[in-house]
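Engineer: following is a predicted model, sequence given first.
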Amino acid sequence: MEHSSGGPSADGQGVRLVHEAGRERYEALDGDEVVAVLYYADEPAPGDAGAQAPAIVRDLRSTVVAPERNGEGLGSALVRHVLDEARAHGLAVRPTCWFVDGWIQRHPQYGDLLEPGAQAAQPSQADGGPER
């Protein structure tokens, strides 16, 4: 799946958000250059989660933004895209990555995507750390 988002690139074409399912990652591409990545792993949901619970939990493990592109909102754009896609496919998420966890804290309308029994952590490094 490909989605154009983010700010303009050097060539004016914008940043594309791409799901590389075979590599278990989402990429932000500026032209052919990967400028940010969000890594994940899909896992079966716990068996006692209930009949209405999603069958798959997408563990959002790490968000990395190229240092020279830090502060442009690329990490946030990736997280929003990943969560919107999880919602569209009926997946629950586990925000293992501190950046994703903090992003969900600041955008509680995505809290319903958290795996059953989970909640975003209390404010911590996720609110004060740099975007990665």
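Structural biologist: Ah, there it is.
Engineer: how would you label the residue nearest to the spatial centre of the chain: helix, strand or coil?
Structural biologist: Geometric centre of the chain, nearest residue: residue 79, 2.9 Å, by CA atoms, centre = their mean. Under the three-state scheme (DSSP: H, G, I helix; E, B strand; the rest coil), residue 79 adopts helix.
Engineer: ok, now how distant is it from residue 55?
Structural biologist: 23 Å (CB to CB, to the nearest Å). All C-beta spots, glycine's among them, are computed from the backbone N, C-alpha and C.
Engineer: same deal with residue 16?
Structural biologist: From residue 16 to residue 55 the distance is 29 Å (CB to CB).
Engineer: and residue 76, by the same measure?
Structural biologist: 28 Å.
Engineer: specify the strand with the largest residue count in this structure.
Structural biologist: strand 33-44 (DSSP state E).
Engineer: who does it pair up with?
Structural biologist: strand 25-30 (antiparallel), strand 56-65 (antiparallel) (DSSP bridges).
Engineer: can you show me the CA trace of the last one as PDB?
Structural biologist: Translated: strand 56-65. This file holds the C-alpha atoms of strand 56-65, laid out as PDB (Å, rounded to 0.1, in the frame of the first residue of the first chain):
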ATOM      1  CA  ILE A  56      -3.700 -10.300  15.300                       C
ATOM      2  CA  VAL A  57      -1.700  -7.800  17.300                       C
ATOM      3  CA  ARG A  58       0.700  -5.600  15.400                       C
ATOM      4  CA  ASP A  59       3.700  -5.000  17.700                       C
ATOM      5  CA  LEU A  60       5.000  -1.600  16.700                       C
ATOM      6  CA  ARG A  61       8.700  -2.000  17.700                       C
ATOM      7  CA  SER A  62      10.800   0.800  16.500                       C
ATOM      8  CA  THR A  63      10.600   4.200  14.700                       C
ATOM      9  CA  VAL A  64      13.700   5.600  13.100                       C
ATOM     10  CA  VAL A  65      14.000   8.900  11.300                       C
END
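Engineer: give me the buried positions along that strand.
Structural biologist: 56-61, 63-65 (16 or more other CB atoms under 10 Å).
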